[in-house]
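>>> model this:
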Amino acid sequence: MDRKAVEQIVEAVGGKENIAAATHCVTRLRFALKDEGKVDKDQLEDNDLVKGSFSANGQYQVVIGQGLVDKVYAEMVAITGIGEASKQEIKDAAAQNLNPLQRAIKTLADIFIPILPAIVTAGLLMGINNILTGKDIFFEGKALIDVYTGWADFASIINLIANTAFVFLPGLIGWSAVNKFGGNPLLGIVLGLMLVHPDLLNAWGYGAAKEIPTWNLFGLTVEKVGYQGQVLPVLLASYVLAKMEIFLRKRIPDAFQLLTVAPIALLVTGFLSFIVIGPITFAIGNLITDGVVGIFDAVPAIGGLIYGGLYAPLVITGMHHTFLAVDLQLIGTIGGTFLWPMVALSNIAQGSAAFAMMFAEKDNEKLKGLSMTSAISAWLGITEPAMFGVNLRYRYPFIAAIIGSAIAGVVITLRGVMAPSIGVGGLPAFLSIFTEFWGVFFIGMGIALVVPFVLTFIMAKTRKKKEA
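Predicted structure coming up:
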């Protein structure tokens with residue numbers, strides 16, 4: 001490990017006196033800085049260890065790379081003497097620098113990011129099930145399981161495993177949300193599962209039900225409806241549960257807390273969920289879904305152009321996390337999302353633009369290596385090295401990627417491409433797309449691969465001619 005290079009990173013972020021806390025993730029150093037104005041971005045990005053840097057959600061993040069970041073962080077701790085901080089500690093320190101909108105976005109991110117592994121895994125397994133059950137993939141007019149019937153039950157079990165994360169989605173959200181809001185996450189799981197209890201009318205059958213079962217609470221009629229696939233009801237209910245638990249723990253003696261806090265908090269939140277929170281947020285969620293669907297139905301080309309083009313800039317601000325909730329709401333309400341396929345194409349486009357830089361800047365050996373590795377990473381769904389290490393640094397590759405992503409977004413939106421789940425947002429993304437849309441999605445992938453590459457290469461050559 002080059003100790004001097006690590007010392008230069010510390011110096012470039014304003015010195016150890018400017019570091020409130022620091023941690024790292026799989027690829028990046030994450031700093032909570034006292035004053036981000038002291039960062040010397042040029043010095044940082046001239047460092048051979050650094051592949052890019054950016055500020056997001058109150059943290060200053062320095063892209064190092066998988067594996068190497070662990071060694072850099074350990075050396076930095078030894079140099080500065082700062083204690084190793086947990087990810088939660090760095091988030092808490094960074095939160096002091098956020099405005100109210102950023103805090104709200106960060107809250108959503110902190111709730112949904114922990115459950116992403118389950119959702120993405122479900123998406124990949126659904127992709128395998130799509131291959132086994134989709135018609136016209138291997139045989140004309142038939143699915144693989146129609147020809148090889150022995151695979152039918154195998155596909156059925158895969159489908160059950162894949163669907164579990166979505167059937168019990170409120171349980172996952174409840175666990176993560178109550179934990180985020182400071183309550184007992186186990187109570188959050190119970191709350192979420194309570195909202196999809198088998199005794200309730202399944203939300204997916206609400207529209208077709210001839211008669212809605214009800215409770216009669218001393219003259220008040222309450223519908224016995226579940227909230228399968230819904231996001232807002234469990235989010236708000238989790239907030240109420242956590243705050244009520246905190247309130248009770250402060251006022252009830254320790255000797256009685258085990259027997260009183262959880263039962264009271266869960267009972268009161270349960271009644272509020274079915275009487276007030278659920279019906280109101282269910283209606284709001286449906287309005288949001290209807291609004292998003294209505295826009296894309298009325299002007300699909302504009303919707304695809306805007307979302308396909310703006311997703312990458314949203315990543316810079318961190319606001320892309322808010323759309324994960326919309327994706328999940330769409331999946332739970334209409335059975336699929338038309339937004340996530342554009343996310344996958346945006347990632348591919350960022351990778352293609354970075355890959356083009358490897359050929360456009362042949363004399364820059366460091367950039368060539370970074371372009372190739374970051375492009376592969378983006379094509380597999382991890383865009384930070386490509387976006388922040390290459391494309392944003394030179395700007396025109398980022399613009400080329402946005403143009404390619406926007407064009408691809410228009411193409412797939414006009415044909416109504418949808419995904420039943422969220423999967424890996426890169427080249428493997430087609431596995432998580434409904435099989436009937438594979439053809440047009442592959443066209444979109446082709447656009448996202450070719451257009452950013454060609455535009456980046458042309459812009460680079462044009463720029464060099466002007467400089468000459």
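>>> The top helix by length along the chain: which residues count as buried?
Counting residues, the longest helix in the chain under DSSP state H turns out to be helix 438-467. Residues of helix 438-467 classed as buried: 438, 440-441, 444-445, 447-449, 451-453, 455-457, 459-460 (neighbour count, 16 or more other CB atoms under 10 Å). C-betas here are computed from N, CA, C, even on glycine.
>>> Just list what it packs against, helices and strands only.
helix 340-360, helix 396-414 (3 or more CB pairs under 8 Å, 6 or more residues apart in numbering; DSSP states H and E).
>>> between that helix and helix 340-360, how many degrees?
40 degrees (axes from the mean of the first three to the mean of the last three CA atoms, to 10 degrees).
>>> what angle do helix 438-467 and helix 396-414 make?
Angle, helix 438-467 to helix 396-414, by the same axes, to 10 degrees: 160 degrees.
>>> So which of the helices and strands packed on helix 438-467 is the most surrounded?
The highest mean neighbour count among the helices and strands packed on helix 438-467, using mean count of other CB atoms under 10 Å, belongs to helix 340-360: a mean of 29.
>>> Would you tell me what the next helix or strand after that one is?
helix 365-379 (DSSP states H and E).
>>> can you list contacts of that following helix?
Contacts of helix 365-379 from elsewhere in the structure, counted by CB atoms under 8 Å, 6 or more residues apart in numbering, are 48, 51, 65, 347-348, 350-352, 354-358, 361-362, 383-387, 389-390, 426-427.
>>> same thing with stretch 186-195?
Under the criterion CB under 8 Å, 6+ apart, residues 168-179, 226-227, 230, 233-234, 237-238, 241-242, 245, 262, 265-266, 269-270, 273, 278 lie in contact with stretch 186-195.
>>> now swap in stretch 344-351 and tell me
The contact list for stretch 344-351, computed with CB under 8 Å, 6+ apart, reads 308, 311-312, 374-379, 381, 383, 386-387, 391, 398, 401-402, 404-405, 408-409, 412, 423-427, 429, 432, 444-445, 447-449, 451-452.
>>> rerun that using 6 Å as the cut-off
Stretch 344-351 is contacted from outside by 311-312, 375, 378-379, 381, 383, 386-387, 401, 404-405, 408, 425-426, 429, 444, 448, 452, using CB atoms under 6 Å, 6 or more residues apart in numbering.
>>> Present the helices and strands packed on helix 438-467 as CSV; the columns should include mean pLDDT and distance to Val6.
Listed next are the helices and strands packed on helix 438-467 as CSV, based on pLDDT from 0 to 100; distance: least, CB to CB, whole Å:
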stretch, mean pLDDT, distance to Val6
helix 340-360, 93, 25
helix 396-414, 95, 28
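>>> what's the closest of those helices to Gly303?
Nearest to Gly303 among these is helix 396-414; the distance by CB to CB comes to 5.9 Å.
>>> That closest one - contacts with which helices or strands?
Helix 396-414 sits against helix 300-317, helix 340-360, helix 438-467, with contacts defined as 3 or more CB pairs under 6 Å, 6 or more residues apart in numbering; DSSP states H and E.
>>> So which of those is nearest Phe256?
helix 300-317 (46.4 Å).
>>> so for the closest one, what's the average pLDDT?
Helix 300-317 carries an average pLDDT of 86.
>>> gap between it and the chain center?
15 Å (CA atoms, centre = their mean, to the nearest Å).
>>> Mind listing residues that contact the following helix or strand past that helix?
For helix 300-317, the following helix or strand on the C-terminal side (DSSP H and E) is helix 322-334. Defining contact as CB under 6 Å, 6+ apart, one finds that helix 322-334 is touched by Leu108, Phe112, Gly229, Gln230, Val231, Gly285, Thr289, Thr337, Leu339, Trp340, Ile422.
>>> can you tell me which of those residues lies nearest to Asn163?
If you rank the contacts of helix 322-334 by distance to Asn163 using CB to CB, Gly229 comes first, at 10.8 Å.
>>> tell me the secondary structure for that closest one?
Under DSSP: H, G, I helix; E, B strand; the rest coil, the three-state class of Gly229 is coil.
>>> how many neighbours does the closest residue to it other than its chain neighbours have?
Counting by CB to CB, 6 or more residues apart in numbering, the nearest residue to Gly229 once its immediate chain neighbours are dropped is Gly332, at 1.9 Å. Number of residues near Gly332 (other CB atoms under 10 Å) recorded here: 22.
>>> Quickly find the element holding Val222.
Using DSSP H and E, Val222 maps to strand 220-223.
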